Each structure stands twice: as C-alpha cells, then as structure tokens.
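Quick check, what structure comes out for this input:
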Amino acid sequence: MKTSHKALTAAAAAAILATAGATVAANAGTGRANGAEAPAVVPAVDVRPAPETVVQQNRITAGASAQAVTAALAKCQADKLPFVTVAVVDRFGTVQAVLRGDNAAAHTIEAAKQKAYTAAAFGAPTSELAKRVNGNRPSIADLPGTLFLAGGVPLKVNGVSVAGIGVGGAPDGALDEACATAGADAVAGAAK
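Predicted structure coming up:
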C-alpha cells in the first residue's frame, strides 16, 4: 500500500500538535489537552535562589557571539584564508554561533566546535593544551568532543572561562589561532 507524502506530513504535524498541546496543558496545570484524559502530573518544586542551591553563571550573549565569529572570519579572509569555519560555544560545548567561510569543507565545522569547547572547558588556548598531550598512553586528548590542536581560545569573565571560540580549516593551527584571537579581542574590546 502506498502512502502519500502529504498524508505522512499531516499525520506527523497532528502528532506534534497533540504532544505540544499536552505539554502546554501540563505546564499550565490544567491536566487536559484537546479533551484528552488528564495525564499524571509530577508537581514542580520551586527552588529558592540561594548560593547553596543555585549557581549563577555568566554567558556570552548572542550579539557578542555573532560579533566574535564575524571578526574571526574577517581576520581569516584578510589573511587569504576564506575556507575556515568559526564557532563560539559556551563552557559546556553548546553552540552559540557558527560561521562557515566560503569554500570551507564540512570537517572544519566540527573542528571549530571542538577547538572552541576544548578551550572553554580547560580555560586555556588549545595551542597550550596541545603541549600537555604526549605519548601513546591515555590522556586528556581522549576526552570526547575535544580537539587538542591550535585554534581554540577561551573567553573569560573575571578570570573564569565562560565560552570558547574555535577556528578550523587553515593549513596551520597558528593561523587558526590568530583568527580566533581576533574574534576574542573583538568581544573583549566591546566590553571595555
């Protein structure tokens, strides 16, 4: 039996809407969505914001992230390196912004994200971290999602790493790092 693409799309949309309706109803506390039976609702608990229960964190804004990737790519383009990708991630590796240069290969996207995450997580440029990796024994380089090649620079607030910017795709990591540093400097300069 052949099923049309339109029928599948309509069925998928209906399922999404039903799920969304149930979620909205549960969050609103009504317990009912589209006449459905009330689902079991787990009560929410409000946690008092206090130093012993809630951690306050600094984050790079979307505007600052966009400014950083734009400045980094502009530096690479000025250096005749239009085939790189720039990424800004928070200290947990969540992507804030990605800008892929003209003719940048697909692998540069992942390299930029991993360099940015490595710099953010360890609070040091990846060129410095690469010096700590040696030999064939297990090391920090074996951690998933990290890349210990030059091109990642941490972004810090009051000395604490809150994000990282990474560049991947130049023929030398030092060139990647120069572009990442230009992106970091653009954000640092905006804050002054």
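
show me where the chain has strands.
Listed in chain order, the strands of the chain (DSSP state E) span 85-90, 95-100, 152-157, 160-168.

which one of the ones you listed has the most crowded surroundings?
strand 85-90 (a mean of 30; mean count of other Cβ atoms under 10 Å). The C-beta positions use only the backbone N, C-alpha and C, and glycine is treated the same way.

Cross-check the contact I'm expecting between Val69 and Thr85.
No: contact between Val69 and Thr85 fails when scored by Cβ atoms under 8 Å: they sit 9.0 Å apart.

Find residues that contact each of these two.
98-99 (Cβ atoms under 8 Å, 6 or more residues apart in numbering).

Got the domain ranges for the chain?
Split into domains by automatic domain parsing, the chain comes to 1-44, 62-191.

between the ones you listed, which gets nearest to Val54?
Nearest to Val54 among the domains of the chain is domain 1-44; the distance by Cβ to Cβ comes to 15.3 Å.

Thought Val160 was touching Gln57, still the case?
No: using Cβ under 8 Å, Gln57 is not in contact with Val160; the gap is 9.2 Å.

on that earlier part again, in terms of mean pLDDT, which of the domains of the chain ranks lowest?
Confidence, taken as mean pLDDT, is least for domain 1-44 of the domains of the chain (a mean of 54).

Val160: what's it in contact with?
By Cβ under 8 Å, 6+ apart, the contact set of Val160 is 58, 123.

can I get the strands of the chain in TSV with distance to Leu143?
As requested, the strands of the chain are arranged in TSV below (distance: least, Cβ to Cβ, whole Å):
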stretch	distance to Leu143
strand 85-90	15
strand 95-100	18
strand 152-157	14
strand 160-168	14
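
separation between the nearest residue to Lys75 once chain neighbours are set aside and Pro144?
In space, and not counting its chain neighbours, Lys75 is closest to Ala182: 3.7 Å by Cβ to Cβ, 6 or more residues apart in numbering. As judged by Cβ to Cβ, to the nearest Å, Ala182 and Pro144 stand 29 Å apart.

what's the answer for Pro125, then?
Per Cβ to Cβ, Pro125 is found 21 Å from Pro144.

okay, now the residue nearest to Lys75: neighbour count?
22 (other Cβ atoms under 10 Å).

Which residue ranges of this protein form helices?
For the chain, helices defined by DSSP state H occupy the ranges 5-28, 62-78, 107-122, 126-130, 173-191.

same for the second one, what does it pack against?
If you count contacts as 3 or more Cβ pairs under 8 Å, 6 or more residues apart in numbering; DSSP states H and E, helix 62-78 packs onto strand 85-90, strand 95-100, strand 160-168, helix 173-191.
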